[in-house]
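structure of the sequence below:
(2 chains)
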Amino acid sequence: MTPDATTVAVDDIIRTVDLAKQYPGMDGRALDGLNLSVHRGEIFGLLGPNGAGKTTFAGVLTTRVVPTSGHAYVAGIDVAKHPALVKQISGIVSQQNTLDRQLTVWENLYFHGRLFGIAARESRRRADELLEQFTLTKWARQSVYALSGGMAQRLMVARAIFHNPAVLFLDEPTAGLDPQSRLALWDLLGQLNLAGQTVMLTTHYMEEADQLCDRVAIMDRGQVLALDTPENLKRLVGADTLVSIKVASGADRLAATLTEGLPEILTSRVTGGSLSIETRGADRLVPRIVALAESIDVDILDLAVAEPSLETVFINLTGKELRES
Amino acid sequence: MTVTSEFSKIPTRSVVAASRSALGALIARDLVVVRKSMGEFVLRTLVQPFLLCFVFLFVFPKIGQAIGNTGGQRAGDFATVLVPGVVGISVMFQGVQSIALTMAQEFGYTREIEDRVQAPCPIWLVAMAKVLSGATQGLLAALIVFPIASIVHAEGVHADISLHWAVILTLVPIACVAMAGLGLVLGTSFEPRNIGLMFGFVILPITFLGGTYYPWTALAPVKVGGFHWLQTLVLINPLVYVNEGMRAAFTDAPHMHLYVIYPVMIGFGSFFIALGLRNFRRRVLS
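Sure thing, here's the model as predicted:
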């Protein structure tokens, strides 16, 4: 069984063709015709709210979810046809802690090596080496129960890369981690990537996608709405500045006045006592807004200026916020 | 020669080769866990057989409590019936404990199964590894329980043990695999939160109606009209064949014919494993 490597471009570690998944008894498709590629050596992020289809997509690639139609290839191998071959070259960090509770920290690594056909001596050496690299040596003989959430996550990453996988999958890797552990994990993934590791992760944290990923696919309802580098995605928005203004009353009047007085405004949106506007190329934005508000006697309670984020991109694409739904 | 970086790899081993080493590692892992908790293993294996022998073969004769001696059966005859039954029930409990309970846990809150099924082999092999290591633990249990069961009794109570090695060496391993298969079916059919139900509605009836305390042939007098209803009904109970087989292996007591026991036990084993593997696959894949 040799993988049909000829059918796929060499630099695509992952490629999907019209990939779809329909769970029996569920309305709508969890994956609705996905076509995308993950290049060798990049950190690729799938960003979307819960239920967008990210986990299903990762499930297909890790051979746990059987696609309804279409194809998915990892390193040129059809995952539905040759799951056992794909597993040889995949490293997986799942959402939950799946460490072996009956084994010590060191044994968790050692037996993973044995499971992937690595000789006993080499498995021992690599287990030692990885514990050192992931600063877990102190815990080697301890039960995995002794590890904090962040350390358990590190051990799971160490285990996943033990057999030098062609691609490392992480499903919501920092969900439930404290901010410090989250930063540490980003750092770690960055280092692995620097050493050549291709990484694919799912996340619903836009900061994670923005700061960590080379390219991001924004997903909703089983479809990819946009796929590009975080910078280019943010450029999609068109605006370079976002202003949110909180007023005591008269948000609608202020919106009308600003739209008239500020030609740089692209969009404006009123929600309750708040007004959000997107502008491009505007100078001296804040004083002009304040002056216009004063001219119609609207009291500004609060005013914040920000650059567009992936969250803005998501809102523009779907009309809803990332954390909703 | 083209130089490929460390991370540009494609699968280097055939599925068969990768599966072979994965199977070895899965079983090695289970046995390391058993070895690490050997004390606990021995204890939980011994408690039930010890209590059975203690109560039935020590306490009952001491206090003059008669057991089913309508036909003038002596306590020694009962011991001869009970000792192989105790070995049989231990093998069954090992199958349930080493597979059904751990699997319920791994499917449940620890989610360890998620990692185990990422082994570079077909998914069914992961379940099969469990069956093999469970069967090994069953063998180990039989090995520990048999001597204990044959020595715990009051003076004067004596089990007539006679070892039929050809039967022991073939039937005991088959029984261990079949009971491990039963463990796999139970572990993959019951949700972790319903394990209590499993004990109440499956394990208890199987053990009480499994011919541990009486030989199957002795059930003949229980009948309605001319119909031996109980003797017929318990034929669906796999433990009956295990216990009858143990009787054939360890004693000269009357037992079901071996040419019934062997094929039925192999049939049960194959059925359980097939059903268990199907359940396992369904729970792992979506």
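
any stretches of the stretch 201-325 of chain A with poor pLDDT?
Applying pLDDT under 70 to the stretch 201-325 of chain A flags residues A:321-325.

would you mind listing what in it touches chain B?
The stretch 201-325 of chain A comes close to chain B at no residue, as judged by C-beta under 8 Å from any C-beta of the partner chain. For every residue, glycine as well, the C-beta is placed using N, CA and C.

how about the strands in the stretch 201-325 of chain A?
For the stretch 201-325 of chain A, the strands defined by DSSP state E, counting those that start in this stretch occupy A:215-220, A:223-228, A:241-247, A:265-271, A:274-279, A:300-306.

paired strands for the fourth one, with orientation please.
If I follow you right, that is strand A:265-271. strand A:274-279 (antiparallel) (DSSP bridges).

please enumerate residues in contact with the strand it pairs with?
The contact list for strand A:274-279 (C-beta atoms under 8 Å, 6 or more residues apart in numbering or on different chains) reads A:237-247, A:251, A:254-255, A:258, A:262, A:264-269, A:285, A:308, A:312.

relative to strand A:300-306, how tilted is it?
Counting by axes from the mean of the first three to the mean of the last three C-alpha atoms, to 10 degrees, strand A:274-279 lies at 40 degrees to strand A:300-306.

would you mind getting the angle between strand A:274-279 and strand A:241-247?
160 degrees.

list the buried residues for strand A:274-279?
For strand A:274-279, burial by neighbour count (16 or more other C-beta atoms under 10 Å in any protein chain shown) applies to A:275-279.

same thing with stretch A:54-66?
Applying 16+ other C-beta under 10 Å to stretch A:54-66 flags A:54-65 as buried.

contacting residues around it?
With contact meaning C-beta under 8 Å, 6+ apart, stretch A:54-66 is reached by A:14, A:16, A:19, A:21, A:30-31, A:34, A:46-48, A:67, A:72, A:74, A:79-80, A:83, A:86-87, A:90, A:92, A:95, A:169, A:171-172, A:200, A:202-204, A:219, A:222, B:117-118, B:284-286.

and it, what's its mean pLDDT?
What stretch A:54-66 shows for mean pLDDT is 91.

dump that stretch to CSV, restricted to CA.
Output of stretch A:54-66 as CSV, limited to C-alpha atoms (Å, rounded to 0.1, in the frame of the first residue of the first chain):
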residue,chain,number,x,y,z
LYS,A,54,-13.6,22.9,13.3
THR,A,55,-13.5,19.8,15.5
THR,A,56,-15.3,17.7,12.9
PHE,A,57,-12.7,18.8,10.4
ALA,A,58,-9.8,17.9,12.7
GLY,A,59,-11.7,14.7,13.4
VAL,A,60,-11.7,13.8,9.7
LEU,A,61,-8.0,14.5,9.3
THR,A,62,-7.1,12.5,12.4
THR,A,63,-9.2,9.5,11.1
ARG,A,64,-11.9,9.7,13.8
VAL,A,65,-14.7,11.1,11.7
VAL,A,66,-15.6,9.3,8.5
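
near chain B, which residues of the stretch 1-150 of chain A are found?
Applying C-beta under 8 Å from any C-beta, we find that the stretch 1-150 of chain A lies next to chain B at A:1, A:3, A:5, A:23, A:40-41, A:59, A:62, A:64-66, A:75-77, A:82-90, A:92, A:94, A:96-103, A:107, A:111, A:114-117.

quick check on those residues: which are buried?
Those of the residues of the stretch 1-150 of chain A next to chain B that meet the buried threshold are A:3, A:40-41, A:59, A:62, A:64-65, A:75-77, A:82-90, A:92, A:94, A:96-103, A:107, A:111, A:114-117, by 16+ other C-beta under 10 Å.

follow-up on the earlier one: tell me which of the contacts of stretch A:54-66 fall in helices.
Among the contacts of stretch A:54-66, DSSP state H puts A:83, A:86-87, B:284 in helices.

now B:C53, nearest residue through space, not along the chain?
Nearest residue to B:C53, sequence neighbours excluded (C-beta to C-beta, 6 or more residues apart in numbering or on different chains): B:V152, at 4.0 Å.

tell me who's in contact with the one you found.
So B:V152 contacts B:50, B:53-54, B:57-58 (C-beta under 8 Å, 6+ apart).

so which of the strands of the stretch 201-325 of chain A is the most packed in?
Burial of the strands of the stretch 201-325 of chain A is given as mean neighbour count (mean count of other C-beta atoms under 10 Å in any protein chain shown); strand A:215-220 ranks first at a mean of 24.

show me what that one is packed against.
strand A:43-47, strand A:223-228, helix A:230-236, helix A:310-318 (3 or more C-beta pairs under 8 Å, 6 or more residues apart in numbering or on different chains; DSSP states H and E).

most tightly packed of those?
strand A:43-47 (a mean of 26).

so in the chain, which helix runs the longest?
Just so you know, I chose chain A. helix A:179-194.

ah, I was thinking of chain B
Chain B, longest helix under DSSP H: helix B:123-151.

so which elements touch the helix or strand following that one?
Downstream of helix B:123-151, the next assigned helix or strand under DSSP states H and E is helix B:165-189. Counting contacts by 3+ C-beta pairs under 8 Å, 6+ apart, helix B:165-189 is packed against helix B:75-95, helix B:102-107, helix B:123-151, helix B:238-250, helix B:258-284.

want to try CSV for those helices, with distance to B:F199, mean pLDDT and mean neighbour count as columns?
Shown next, in CSV, are these (distance: least, C-beta to C-beta, whole Å; pLDDT from 0 to 100; neighbours: other C-beta atoms under 10 Å in any protein chain shown):
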stretch, distance to B:F199, mean pLDDT, mean neighbour count
helix B:75-95, 11, 85, 26
helix B:102-107, 11, 86, 21
helix B:123-151, 18, 90, 22
helix B:238-250, 15, 92, 28
helix B:258-284, 18, 94, 18
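
got JSON lines for those, with distance to chain A too?
Formatted as JSON lines, those follow (distance: least, C-beta to the nearest C-beta, whole Å):
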{"stretch": "helix B:75-95", "distance to chain A": "17"}
{"stretch": "helix B:102-107", "distance to chain A": "8"}
{"stretch": "helix B:123-151", "distance to chain A": "8"}
{"stretch": "helix B:238-250", "distance to chain A": "28"}
{"stretch": "helix B:258-284", "distance to chain A": "7"}
